[in-house]
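A.B. asks: Provided below for reference: sequence and predicted model.
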Amino acid sequence: MATTEGRGRTSRRRVLKALAVCGAGAAVLGRALSALAAGGAKVSAEMVRQAEWIAGLQITDAERDLMVADLNDTQDGVRELRAIPLDNDVAPALRFAPLEAAPAQAGGAQRPWVPSGRPARVPASDDDLAFATAVELEQLLRRREISPVELCRLSLERMRRLDTRLLAVVSTTASMGMEQARAAEKALAKGDAGPLAGLPWGAKDLLAVPGYPTTWGSPIFAKQQRTETAAAVERVAAAGGALMAKTALGELAWGDVWFGGTTHNPWKLDQGASGSSAGSAAGVAAGYFPFAIGTETWGSIVSPATRCGVTGLRPTFGRVSRHGCMALSWSMDKIGVLARAAEDCALVLGAIHGADPRDPASVTRPFRWPPPRKLAELRLGVPEKLFEGPADDGTPERARARAQAAMDRKVLEALGARGVKLVPIELPSRFRLAPLAVILTSEAGAAFDELARSGRVRQMVRQGADAWPNVLRQGQLVTAVDYLRANRLRTLLMRDLEAALDGVDGFVAPSFGGDVLLMTNLTGHPCLTVPDGFHVDGTPGSVSFVGKTFGETEILQAAMAWQEATDFHRRRPLL
């Protein structure tokens, strides 16, 4: 689904190093022998002897002789298994579930919140409409002061005018979107419209939409037409949204480079939008639509939300169904929202969350909005060391990091002034987290096993050490034992984080501070990333709010308080 670009490229190198730490070489006894046997050759004791030094095993002659017959049987079986076609939508018969502090609450899905009243800010021009929040637009739509058709035409016009520079859109869905807009107009007139009625939106192009290509950002799949409809697309449509575009993603959900080029940051056109939800973030930032659906596996909402100065919500793992979405990592993929404001994310989440039998990992848990508690009742943890900022060494990179730390600390000051209780906490640190990235590498390698083994990865846009083709091949070298060991350590990490959050409703952290991004993607905790200032080059910075599992309400409430006190989320790039 989604891995971070930018900072994630450095992390990707750590992944490759981590393979050695996790004993990836042991897989040679499987993969190397399998490759030798693929042409019909039989595994011999000599083959085992030549491979075992990489595996880190010491085997006697007698033990090798015992292994040979079974290894040949295994390779015959592997050849049979590889001959059976597997589509990307077939998940393994294993399921990850985040650790919940309390037993799951019974009951069905709650009625989604529907905005009412008149917005405090009434748009006075087309530009004002394009940069209004989803909540403001929905209020105007329900008062019949603007029309869905008008909004969707504005969306199409902005994409036509701007996207030759941004490359945020893979394909427009104008006919579908305008039809949905007209249907929303009728529903609004009757008074039975859904919570997103008439709002134009964009879907990351790894969500299947019949009748349109679902390219996954790769030339290999540029003409792919999926027959299923992604659950998130179904739910937004049921809530009255009008789909206007399939938005660009970095190829196979890595970065901002796809087969059409590089998606650009609306705030700095010579810079990529980061990824992999690059088009969704850039489209919202450029006023194409008030919200878009993105995905995250390891930073693909947090990173482009930061780069493009929008608000990004990565819900708790399992909160939103992934049916009809390209699988990258079955235990880490999550579907979320990129929008202008925290309250917009709450509006959309209310419409798309809940269990779906087509995604066994999806669950229904209460999501309450508006928040039932007062702001002063919230307790947010603060990992204080992460807010200190680095020492000044005179370099531009260090100066930017120090400026970001100063912006982050102002968020804490503002929250404290609004009555939020800030509590010092220590995040888990009993072992390094980098080696656990082998989980993503393994699952991605399995998800695109055929692509790597067939050699079709050579057709991908990006090649080299820091790109998917190399990483997918690396995924072939991780043993099942090491993959499962990493997941056992993941269990300890989830327990440690749950213990660290005892007594608080979540925590605030620099978006890329320490190992917070990897840690919370592994544990499945929700994260909300919001703009918190601008750097000297005019590009945005961000801070992140991390909630307890299924604790989106509390972090959305805290972020909304920050956004009510500032206007960073309302600023517009000069396009």
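C.D. replies: Cool, the structure landed.
A.B. asks: What about residue 122, how many residues nearby?
C.D. replies: 14 (other CB atoms under 10 Å). C-beta: built from backbone N, CA, C; applies to glycine.
A.B. asks: Oh, that last question was meant for residue 532, not what I typed.
C.D. replies: The burial count for residue 532: 28, using other CB under 10 Å.
A.B. asks: Parallel or antiparallel, list what pairs with the helix or strand harbouring it.
C.D. replies: For residue 532, the host element (DSSP states H and E) is strand 527-534. Strand 527-534 pairs in its sheet with strand 311-314 (antiparallel), strand 540-547 (antiparallel), by DSSP bridges.
A.B. asks: Could you export those strands as JSON lines, including mean neighbour count, distance to residue 194 and mean pLDDT?
C.D. replies: Below are these laid out as JSON lines (neighbours: other CB atoms under 10 Å; distance: least, CB to CB, whole Å; pLDDT from 0 to 100):
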{"stretch": "strand 311-314", "mean neighbour count": "32", "distance to residue 194": "19", "mean pLDDT": "98"}
{"stretch": "strand 540-547", "mean neighbour count": "26", "distance to residue 194": "26", "mean pLDDT": "98"}
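A.B. asks: ok, the residue nearest to the spatial centre of the chain to residue 325 distance?
C.D. replies: What sits nearest the mean C-alpha location of the chain, by CA atoms, centre = their mean, is residue 296, with 1.1 Å. From residue 296 across to residue 325, the span is 12 Å (CB to CB, to the nearest Å).
A.B. asks: Residues touching stretch 60-67, excluding its own?
C.D. replies: For stretch 60-67, contacts defined as CB atoms under 8 Å, 6 or more residues apart in numbering pick out 45, 48, 49, 59.
A.B. asks: How about stretch 145-158?
C.D. replies: 122, 126, 129-130, 137, 140-141, 172, 174, 177-178, 181-182, 184-185, 188, 197-200, 242, 244-245, 286-289.
A.B. asks: now these: which count as buried?
C.D. replies: Buried by 16 or more other CB atoms under 10 Å: 129-130, 137, 140-141, 172, 174, 177-178, 181-182, 184-185, 188, 197-200, 242, 244-245, 286-289, out of the contacts of stretch 145-158.
A.B. asks: quick one: which of these sit in helices?
C.D. replies: The helices, defined by DSSP state H, take in 129-130, 137, 140-141, 174, 177-178, 181-182, 184-185, 188 from the buried ones among the contacts of stretch 145-158.
A.B. asks: Which of the strands paired with strand 527-534 sits closest to residue 413?
C.D. replies: strand 540-547 (11.9 Å; CB to CB).
A.B. asks: Just give me how far that closest one sits from the chain centre.
C.D. replies: Chain-centre distance of strand 540-547: 14 Å, with CA atoms, centre = their mean, to the nearest Å.
A.B. asks: who's in contact with that strand?
C.D. replies: Contacts for strand 540-547 (CB under 8 Å, 6+ apart): 267, 302, 305-309, 316, 380, 403-404, 407-408, 411, 505-511, 516, 520, 525-535, 554-555, 558-559, 568.
A.B. asks: low pLDDT regions in the stretch 51-200 of the chain?
C.D. replies: Residues of the stretch 51-200 of the chain that meet the criterion pLDDT under 70 lie in 54-57, 102-109.
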